[in-house]
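# Quick one: sequence plus predicted model below, questions after.
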Amino acid sequence: MCRSQTDNIRNIGIMAHIDAGKTTTTERILYYSGRVHRLGDVDHGTAAMDWMPQEKERGITIQSAATTYVWNSYQVNVIDTPGHVDFTAEVERSLRVLDGAVAVFCAVGGVEPQSETVWHQADKYNVPRIAFVNKMDRQGADYLRVLDMMRDMLGAKPLSVILPIGSGSSFSGIIDVIGGHAVYFDETSHGSKFTLEDIPDECMEEYSAAREVLWETSAMLEESAMEEFFAGRLSAERVRELIRKGTLEGKIVPVLCGAALKNIGIQQLMNAIVDWLPSPSELPPVSGRLKDGSSVEVRRSADEPFSALVFKVQCDSHLGRLAFMRVYSGRISDGQHVLNNRTGNKDRLTRLVRMHANKRTHLDSVMAGDIAAAGLKDVATGDTLTSLNTPLILESIEFPDPVIQMAIEPMSTSDEKALIDALASLVSEDPSFRVGIDEESGQTLIMGMGELHLEIIASRIQREKGVKVRTGKPQVSYRESISRRAEGRGDLRKSIQGRGHFGHAFIRAEPADSGIEFVNLLKDKEFPDHFTKAIERGVMGSVGAGPLAGYPVDGIRIELLEAELHETDSSETGYAYAGAMALRECLRKGKPVLKEPVMRVDIICPSEYVGEVIGDVNARRGNVLNMEPVGEVQSIKARVPLAELFGYSTALRSLTQGRAGFSMQFNEYARIAENITRGLLEQMGISGFN
């Protein structure tokens, strides 16, 4: 592998909805670049990037996998991300450290639920993107419809740089709008060879219209280019430069198309990656903070002190805890010590490697712009690593809370310790996976983002850790809130170990859409700030368990209205206790309610089964949001409570003779009707709800 300077590095992610063809696209990229020497197949479990046994069996990506290839003298670091909503945390942490992304869309499905989610995740981190409309060879493929969906659903500004020649069974090649020629691929060479020919007559009108839009849109990105455009002097090379400028600024999204499985259009995508996605040196400095809380910016240069962010932890059988890191500045050599700014400890890079899925290549050193992995002992996702004399904390990564849980126990009591160790290892790897204890039964609970997520966790415990386990029925992770405004007062006047403690707080709580908001509305502006923070700590420390069934509190605004001082006994302990007491009173008086996770469900089914499918959605307390034809089938979008979706895959297949499919993603926590709440509480053995 050649060593590239920072300007010749591209750090990209491949992202999309499940089954859009991300991994197949990545496999073709690796094949044409010479990184692998045979074409992997997802359906047959031979894809290099899907290396886990569960991925091979199911034909889906579960963990993000990193690799590196070289194309036109550029080093491209790639992360292939999952498309299933249960593993969206893998996408989140990958996008946090990537410089650019390729969004893959299915030419039939278009902008599907998870592709919408990952697009907005990329928006969050200001990641420049190019788009690849895949599966143009599928029946019902509609390139222009996908562009319209990108505009309407994503708020994007797609710009066609490649057009398809035909679609479905008639899809035979692509048109390079900038180059002004048709491209046909040789199937006998698996698409490695292609020829440039004249554009077919039947495509000339579409090509001319696309070229006019491309030239005009590109010209609008720069004032001097507008002059060239109106003078008829805007060259194809200048258009390429302007597309790069517009992509990096987030003003446009270049769109290409092809069929990865048929080996069509991949080399043009590879050219677009190096031509239009940024190098690390082209991006603004990275924001961080020092130990005193002051903010600082880190230049993405090898000449600066070393800094890196750990975005993934994987337990490796040879290296132990393997930390995947993105290097933002400086350089570091194998065997050197680094400072972990979360723990304050120094740690030695025991072995520095570059990953190719689950295979490793040893590295002597890494520098700004690199993505690599190293053996480190006490490290967690989101940790900042720096040189020993330059402590710094980079912006970490936020992950969603679990929405589902189930009980787990070892088949044999002798495996209890092994199960605890296995769960601890998996928690360190997966920030969206949590472990808890049911206080009533004493059972161990595993919590995650969906049924499949927990199923995979249980499978990994048995396969990778060698612990046989039993699991219970999945249970929904509910939330609690209040349905009306309430006020509460908390007081503490007590002597503890000979010292007086005083605290008084009066608060008001009212329902909100989501989250917990604490607002200081004290009229006494001279009330000490550290006592106000103590009240807030007490309040926030009490939101972990609501009054109905002990679920976390969500969707509430808390206002601090009044607080009193004592001449001698005021203490942070007293005010924290008063804040907690006041909140508990508000929760009791605010007519508490249960809230449940509601999923957005996207169903694709044949038209003749639409009535049965909609009737089933309604029976599951769901409601249909939208229905539209997609080729020869119907697309149904609905909102359905997660509690009603257990086993839905089997039920949907039964309703439609196996011809329908669906995907879902978390939408919101919504209040549950009183009669259903009463039934749920009775099932939990809780009475007295009114």
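Arrived safely, thanks for sending. Residues are numbered from 1 along each chain as shown.
# measure L363 to T81 for me?
23 Å (C-beta to C-beta, to the nearest Å). Every residue, glycine included, has its C-beta placed from N, CA and C.
# So for the two, which sits in the more crowded spot?
T81 (28 against 19; other C-beta atoms under 10 Å).
# and the closest residue to L388 other than its chain neighbours, how many neighbours?
Of all residues not flanking L388 in the chain, L339 sits nearest, at 5.1 Å (C-beta to C-beta, 6 or more residues apart in numbering). L339 sits with 21 neighbouring residues when counted by other C-beta under 10 Å.
# For L339, list each beta-bridge partner.
K346, T386 (DSSP bridges).
# tell me the contacts of it?
Contact partners of L339, counting by C-beta atoms under 8 Å, 6 or more residues apart in numbering, are N345, K346, D347, L385, T386, S387, L388, P391.
# now, among these, which is nearest to A323?
Among these, L385 lies closest to A323 (C-beta to C-beta), at 8.0 Å.
# okay but the closest one is in contact with F311, surely?
No. L385 is not in contact with F311 according to C-beta atoms under 8 Å; the separation is 11.3 Å.
# can you list residues touching both of the two?
M325.
# residue contacts, the closest residue to Y478 other than its chain neighbours?
Distances taken as C-beta to C-beta, 6+ apart place Y551 nearest to Y478, at 4.6 Å, with adjacent residues excluded. Contacts of Y551 were listed using C-beta under 8 Å, 6+ apart, and they are S477, Y478, R479, E480, A545, L594.
# so where's the chain uncertain?
Where the chain drops to pLDDT under 70, the residues are 1-4, 40-63, 83-86, 316-320, 357-358, 439-441, 631, 687-690.
# Regarding it, what is its longest strand?
strand 592-606 (DSSP state E).
# Next SSE downstream of it?
helix 610-619 (DSSP states H and E).
# Tell me the helices and strands packed up against that next one.
strand 592-606, strand 623-630, strand 633-641, helix 648-655 (3 or more C-beta pairs under 8 Å, 6 or more residues apart in numbering; DSSP states H and E).
# Go through these and pick out the most buried.
With neighbours taken as mean count of other C-beta atoms under 10 Å, these reach their highest mean count in strand 592-606, at a mean of 22.
# Helices along the stretch 201-350 of the chain, start to end?
204-219, 223-230, 236-248, 266-276 (DSSP state H, counting those that start in this stretch).
# among these, which is the most enclosed?
helix 266-276 (a mean of 21).
# Next, the angle helix 236-248 makes with that one.
70 degrees (axes from the mean of the first three to the mean of the last three C-alpha atoms, to 10 degrees).
# Run through who's touching helix 266-276.
In contact with helix 266-276 (C-beta under 8 Å, 6+ apart) are residues 10, 12, 25, 28-29, 32-33, 71-72, 74, 76, 100, 102, 128, 130, 132, 161-162, 174, 176, 183, 191, 194, 240, 243-244, 247-248, 254, 256, 258, 260.
# can I have it written out in CSV, keeping just the CAs?
Extracted in CSV, the C-alpha atoms of helix 266-276 (Å, rounded to 0.1, in the frame of the first residue of the first chain):
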residue,chain,number,x,y,z
ILE,A,266,-18.8,1.7,-10.6
GLN,A,267,-15.6,3.1,-12.1
GLN,A,268,-17.3,6.4,-12.7
LEU,A,269,-18.4,6.4,-9.1
MET,A,270,-14.8,5.8,-8.0
ASN,A,271,-13.7,8.7,-10.1
ALA,A,272,-16.3,10.9,-8.5
ILE,A,273,-15.2,10.0,-5.0
VAL,A,274,-11.6,11.2,-5.6
ASP,A,275,-12.7,14.1,-7.8
TRP,A,276,-15.5,15.6,-5.7
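# Remind me what the longest helix seen in the chain packs against, helices and strands.
Ranked by residue count, the top helix of the chain under DSSP state H comes out as helix 572-589. Helices and strands touching helix 572-589, by 3+ C-beta pairs under 8 Å, 6+ apart, are strand 479-482, strand 486-496, strand 499-511, helix 529-540, strand 556-563.
# Report the strands that pair with the second one, each with its relative direction.
In the sheet, strand 486-496 lines up against strand 499-511 (antiparallel) (DSSP bridges).
# on that earlier part again, next, the residue nearest to Y478: secondary structure please.
Three-state call for Y551 (DSSP: H, G, I helix; E, B strand; the rest coil): coil.
# Okay, it and V543: tell me how far apart.
11 Å.
# and the closest residue to V553 other than its chain neighbours, how many residues sit next to it?
Nearest residue to V553, sequence neighbours excluded (C-beta to C-beta, 6+ apart): V543, at 4.1 Å. The burial count assigned to V543 is 18, neighbours taken as other C-beta under 10 Å.
# next one: the one 5 residues further on
L548 is flanked by 20 other residues according to other C-beta under 10 Å.
# just to revisit the earlier point, pipe the helices of the stretch 201-350 of the chain into a markdown table and attach distance to D123 per row.
Below are the helices of the stretch 201-350 of the chain laid out as a markdown table (distance: least, C-beta to C-beta, whole Å):
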| stretch | distance to D123 |
| --- | --- |
| helix 204-219 | 20 |
| helix 223-230 | 26 |
| helix 236-248 | 14 |
| helix 266-276 | 18 |
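# Buried deepest among the helices and strands packed on helix 572-589, which one?
Mean neighbours per residue, mean count of other C-beta under 10 Å, is largest over the helices and strands packed on helix 572-589 for strand 479-482, with a mean of 24.
# List every C-alpha atom in that one, with coordinates, as CSV.
What follows is strand 479-482, C-alpha atoms only, in CSV (Å, rounded to 0.1, in the frame of the first residue of the first chain):
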residue,chain,number,x,y,z
ARG,A,479,-41.2,6.3,29.3
GLU,A,480,-43.2,8.3,31.8
SER,A,481,-44.3,11.9,31.8
ILE,A,482,-47.1,14.1,33.1
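# elements contacting it?
Secondary-structure packing of strand 479-482 (3+ C-beta pairs under 8 Å, 6+ apart): strand 499-511, helix 572-589, strand 592-606.
# tell me how far that strand is from the chain's mean position?
Centroid displacement of strand 479-482 relative to its chain, using C-alpha atoms, centre = their mean, to the nearest Å, is 26 Å.
# Please apply the same query to stretch 487-505.
44 Å.
# thinking again about what came up before, write a ChimeraX command that selects only the buried members of the contacts of helix 266-276.
ChimeraX command restricting these to the buried ones, with burial defined by 16 or more other C-beta atoms under 10 Å:
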select :10,12,25,28,29,32,33,71,74,76,100,102,128,130,132,161,162,174,176,183,191,194,240,243,244,247,248,254,256,258,260
